[in-house]
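[1] Structure, please.
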Amino acid sequence: MNAEPDHQIYIERIDPAKNMARFYAMEISTSLFGGICLTRIWGRIGRRGQTKMHLFEQEAEAVDLFRDLIRRKHARGYRPPVR
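    Here you go, the predicted structure:
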């Protein structure tokens, strides 16, 4: 497993006019059983949110899904937080 920092992301979508404050986080890591795991967490900022885990045999499959999800979220207006 290649633990590169580009395999984790935290992005937000904030629109005060719509009372919208959402976050989306993803990380690729190794599972307890040696497989590759893509973990997604999303929800309202300040709340726990929901979690979904995807298991893969090959890291390339996880990276493909990771990049596809980033592309979709950017298209919907998610961006890195401005701090």
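[2] measure Leu38 to Leu69 for me?
    For Leu38, the distance to Leu69 under the criterion C-beta to C-beta, to the nearest Å works out to 8 Å. Where you see a C-beta, it was placed from the backbone N, CA and C, and this is true even at glycine.
[3] ok, the two, which is more surrounded?
    Here Leu38 and Leu69 are compared on neighbour count by other C-beta atoms under 10 Å; more neighbours surround Leu38, at 22 against 16.
[4] That one: helix or strand, and which one exactly?
    When elements are defined using DSSP states H and E, Leu38 is found to belong to strand 36-44.
[5] what pairs with that strand, and is each one parallel or antiparallel?
    strand 20-30 (antiparallel), strand 50-56 (antiparallel) (DSSP bridges).
[6] outside of stretch 29-36, which residues touch it?
    Met1, Ala3, Ile28, Cys37, Thr39, Leu55, Phe56, Glu57, Gln58, Glu59, Glu61, Ala62 (C-beta atoms under 8 Å, 6 or more residues apart in numbering).
[7] If we use 10 Å, what do you get?
    Residues lying outside stretch 29-36 but in contact with it, judged by C-beta atoms under 10 Å, 6 or more residues apart in numbering, are 1-3, 7-8, 28, 37-39, 53-63.
[8] for stretch 66-83, same thing?
    With contacts defined as C-beta under 10 Å, 6+ apart, stretch 66-83 is touched by 6-15, 20, 22-24, 26-28, 38, 40, 42, 45, 54, 59.
[9] Next, the contact list for the most centrally placed residue in the chain, please.
    For the chain, the residue whose C-alpha lies nearest the mean C-alpha position (C-alpha atoms, centre = their mean) is Met26; its distance is 2.3 Å. Met26 sits next to 7-11, 38-42, 52, 54, 62, 65-66, 69-70, 73 when contact means C-beta under 10 Å, 6+ apart.
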